[in-house]
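Peer 1: Here's my sequence, what's the structure:
(chains A and B)
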Amino acid sequence: MFSDRYNPRETEPKWQRFWEESGTFKTRNDGPQPKYYVLEMFPYPSGRIHMGHVRNYAMGDVVARYKRATGFNVLHPMGWDAFGMPAENAAMQNNTHPATWTYQNIATMRGQLKSMGLSLDWSREIATCDPSYYRHQQKMFLDFLANGLVDRKKSKVNWDPVDMTVLANEQVIDGRGWRSGALVEQRELTQWFLKISDYSQELLDALQTLDRWPEKVRLMQQNWIGRSEGLLVRFDIAPASNKTDAREIEVYTTRPDTLFGAKFMAISADHPLAKSLAVGNPGLQAFIDECHRMGTSVATLETAEKKGYDTGVRVTHPFDPNWTLPVYVANFVLLDYGTGAIFGCPAHDQRDLDFANAYGLGNTPVVCPLDVDPATFVITDTAYDGDGRMINSRFLDGMTIADAKNDVARRLESETLDGRPRAARQVNFKLRDWGISRQRYWGCPIPIIHCDDCGSVPVPEDDLPVKLPEDVTFDRPGNPLERHPTWKHVACPQCGKPATRETDTMDTFVDSSWYFARFTDPWREDAPTTRRVADEWLPVNQYIGGIEHAILHLLYSRFFTRAMSKTGHLGIAEPFEGLFTQGMVVHETYRSPNGDWLQPAEIEMRTDNGVRKAFSLATGNEISIGSVEKMSKSKRNTVDPDDIIGTYGADTARWFMLSDSPPDRDVIWSEEGVQGAARYVQQLWRLIGQLAEIAAPAGTPIKDISEATALDIRRLTHRHCARIADHIERLRFNTAIAEIRKLSNALSKILGDVQSPEQMTPQFRLACREAADALVLMFAPMMPHLAEECWERLGHSGAAAYAPWPKVDPALAREDTISIPVQVNGKKRGELVIERDADAKLLEAEALKLDDVQKLLNGQAAKKVIVVPNRIVNVVV
RNA sequence: GCGGACGUGGCGAAACUGGUAGACGCAAGGGACUUAAAAUCCCUCGGGUUUUCCCGUGCGGGUUCGAUCCCCGCCGUCCGCACCA
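Peer 2: Predicted coordinates for the structure are as follows:
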């Protein structure tokens, strides 16, 4: 007997070739079936794919293949997020052109993805660095400009001195550039902005409609948008204390109800008043400098003491001209938010309390919890920010917080100061406009020409795309477009005079904010989208990617979709109907005695007295096994997808990746685990081989099955079909796989129990045919190559990729006999095996008959019997 | 500091959101086959007792006939953040 081994190294390329040559996964926009768009976040072409990609794309492929099998016209495309800094860094290091580097990487990674056997429509492949893509982006920029969605303004920006570029606020992490790690400086530049803040309220409101998004992501976006309702209040500067031209200070507060608890006012170190007061006040200037030095790092601020500098200026209380408050410059007040000035109510804000305690400013509680006596209510170290009634607040006393807020607002709104109301209600958002200007080469050029006479002039549509010049060098930092000898010099499209091109390029988040729409008709040359086609496919039904994009990419895409709809390129609001954020791939770490990290590939595992130990393959020395961590180059705990696929095959890699953990949690990649998956591949291959020998011919209709064993097989099959489909629908790949294993285990057992050829009746053979076909089709989304090979072995002529998902007969899937636990006083004491839907009376009677129950009843009658049909019987003694 | 999530065997996890805790797998141990190994197959596998039960879902309470699930209070781990007034 020859060894019945499945060889993925031969089989996988064979079927990949078949799918490619047959155009199996090409998607027609005019397909008659209902549409389903599944998309995984497209990769940056960094050079090689990593295991995180394998996990991401394996999940998406299961969904794509499953949906195709259940009758949908599935769109499942792939492309490249191909602009960005690494290409320029590589250009500097290796003296290669960013385009060369990028397209080489794309070629490598495309090959790697193809070796995974993904059911992608490669005819729709796009790369964002290709002029055929970014020309449309330039067109849309101009459309946005014409529709008031673009702004050009001077603003203080985060300047990364190493990368010589501007960073979005979001790209500054702990005061450092998110890529270079350099300390970020503040610079004033004229920048292009997309007016995402016009959509703050809408982006916030529409989060509620995204019911197939993780709650966590919606919450993160909600906090990011950061809506607050508050009051702008103008405080007069007491003339006697005034040292500048300013006559008032305006604050923004969300707690106007606490106005009678005010003890001080604090302004930001960047506040105009602080700046003018610092002139001729070295002490204040020193304090302001100190604030700037402190930086904005969260870690610093967390531990930083609340500090302030008394300016000597005093403001009068809006409700009492005889009541003045000291004005401090404080290190915890931000200029960007509100007005850059606050009034401090120490009793009801922890930061204000910390500050007041440090400077001996005292506190007066003005909100008293309902269950506390106001006479004894005292604040010392912990501010009270809960609900309650107003106290110590004159005309507000006794009111609820909400009523007090309204009352204060009403009174101050109606009061006039210098011809304007004393206060105004205002809704504030944290969300700021999206600065898209980047001072670099490898990005989409902003299609604008600057003319001394005409200002910023859009590049005429006929002149699009504005292509990047190819003859550039990277021997110096800064933007090669800026120093290119000819590229930026053009005639003004309006007046014809010499003018210069905008040399900034767009943030790469712009590129990824609409690629999902381009996939719907990537062949369209004269427009970004074909509106009808895009509106049919969109929104993406299932989007899958990493949690790291929870805010930026997803929020920008939501904005962009609206902006594209406003400019006529789309007719929808939300780009992603369903969102799934998958967990990371993590691995053990290995460290040699001298502290060097070793790669998993450099390690051999052995078991010594039941204890796992690691040894270096090179030296044979024992290596200590460290904690499980995210795969990273620094810890060298990475495994290479090429190696894994070369050794075990893509199916095994995909299977293990999906089987071992819930998809939203981290999965630990382990050699033992992947070997287990490889064993199972062989097990399935043998099982299908056995079934192929005895099964009725392919295509034999199945009906009139009455024999017990055959019926058992059918029930088993249909029951599992129903469950597996349900798990996949809910993206519970790990439990779907557990069910598949249960089915194959059960079928193996049944075949093993067959003693004689007489037991293989025609009915039995028919049931085996049905079971084998179903099993193969159900693991096909995870292990498509093995499935094709098995499908062929089972005698089918067409490919498994075209076969419909097994149809479930509900009558067969339902269990007629079930076992119901019987408890006495909540503890399980027995079990009833009884027909499904038996009524409560019968269940109770049968349960009371059980020996174990009788014994515990000890001749007494039960106090109470709880019966939940099909669930449980509980006898209370 | 603020916000969120999570805590179940040696390990990854399951358990229809109140109804048999530990499915499925990994690791381990024992056995069969083999000259041997690999592969394969069978058995055991939460703890304590040994053939009767008892204890077990981070800890302490509570609600309930019944709690991994709900409530209150702790402890621990992880993640996000722009001190957002």
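
Peer 1: quick one: the helices in the stretch 651-800 of chain A?
Peer 2: Per DSSP state H, counting those that start in this stretch, the stretch 651-800 of chain A carries helices over the ranges A:671-694, A:708-729, A:733-753, A:762-779, A:784-793.

Peer 1: Switch those helices over to TSV; also include mean neighbour count.
Peer 2: Any C-beta I mention is one placed from the backbone N, CA and C, and that applies to glycine too. Shown next, in TSV, are the helices of the stretch 651-800 of chain A (neighbours: other C-beta atoms under 10 Å):
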stretch	mean neighbour count
helix A:671-694	17
helix A:708-729	20
helix A:733-753	17
helix A:762-779	23
helix A:784-793	24
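
Peer 1: Distance to RNA strand B and mean pLDDT added to those helices, as JSON lines?
Peer 2: Putting the helices of the stretch 651-800 of chain A into JSON lines (distance: least, C-beta to the nearest atom of the strand, whole Å; pLDDT from 0 to 100) gives the following:
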{"stretch": "helix A:671-694", "distance to RNA strand B": "3", "mean pLDDT": "94"}
{"stretch": "helix A:708-729", "distance to RNA strand B": "8", "mean pLDDT": "94"}
{"stretch": "helix A:733-753", "distance to RNA strand B": "3", "mean pLDDT": "94"}
{"stretch": "helix A:762-779", "distance to RNA strand B": "12", "mean pLDDT": "96"}
{"stretch": "helix A:784-793", "distance to RNA strand B": "15", "mean pLDDT": "97"}
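
Peer 1: need the ones you listed in TSV with distance to residue A:82, can you?
Peer 2: Listed next are those as TSV, based on distance: least, C-beta to C-beta, whole Å:
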stretch	distance to residue A:82
helix A:671-694	31
helix A:708-729	32
helix A:733-753	30
helix A:762-779	35
helix A:784-793	28
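
Peer 1: To residue A:504, which of those helices lies closest?
Peer 2: helix A:733-753 (43.4 Å; C-beta to C-beta).

Peer 1: so where's the stretch 251-400 of chain A shaky on pLDDT?
Peer 2: Where the stretch 251-400 of chain A drops to pLDDT under 70, the residues are A:293-304.

Peer 1: make it 90
Peer 2: For the stretch 251-400 of chain A, residues meeting the criterion pLDDT under 90 lie at A:268-271, A:275, A:279-280, A:286-308, A:330-340, A:348-355, A:357-358, A:368-389.

Peer 1: go on, the stretch 501-650 of chain A?
Peer 2: A:546-552, A:584, A:586-638.

Peer 1: Now do the phi/psi pair for residue A:598.
Peer 2: When read as degrees, to the nearest 10, the backbone of residue A:598 gives phi -120, psi 150.

Peer 1: So it is in contact with residue A:635, correct?
Peer 2: No - with contact defined as C-beta atoms under 8 Å, residue A:598 does not reach residue A:635; the gap is 9.9 Å.

Peer 1: Quick one, which of the helices of the stretch 651-800 of chain A gets closest to residue A:28.
Peer 2: Using C-beta to C-beta, these put helix A:784-793 closest to residue A:28, at 20.8 Å.

Peer 1: So which elements touch the closest one?
Peer 2: helix A:8-22, helix A:650-659, helix A:671-694, helix A:762-779 (3 or more C-beta pairs under 8 Å, 6 or more residues apart in numbering; DSSP states H and E).

Peer 1: Other residues contacting it?
Peer 2: The list of residues contacting helix A:784-793 from outside it, by C-beta atoms under 8 Å, 6 or more residues apart in numbering, reads A:6, A:8, A:11-12, A:15-16, A:18, A:61, A:65, A:117, A:119, A:649-651, A:681, A:684-685, A:688-689, A:692, A:776-777, A:779-780, A:799-801, A:803.

Peer 1: before we move on, what about stretch A:659-674?
Peer 2: A:51, A:55, A:59, A:214, A:580-588, A:600, A:605, A:628, A:630-631, A:639, A:644, A:648, A:652-653, A:656-657, A:677, A:731-734, A:737-738.

Peer 1: And it, end to end?
Peer 2: Start-to-end span of stretch A:659-674 (C-alpha to C-alpha, to the nearest Å) is 10 Å.

Peer 1: Find the residue at the geometric middle of chain A.
Peer 2: The centroid of chain A falls nearest to residue A:547 when counting by C-alpha atoms, centre = their mean (3.1 Å).

Peer 1: That one contacts residue A:554, doesn't it?
Peer 2: No - the criterion here is C-beta under 8 Å, and residue A:547 misses it with residue A:554 at 10.3 Å.

Peer 1: which residues are in contact with both of these two?
Peer 2: Contacts common to residue A:547 and residue A:554, judged by C-beta under 8 Å, 6+ apart, are residue A:217.

Peer 1: Before I go, just wanted to say thanks for your time.
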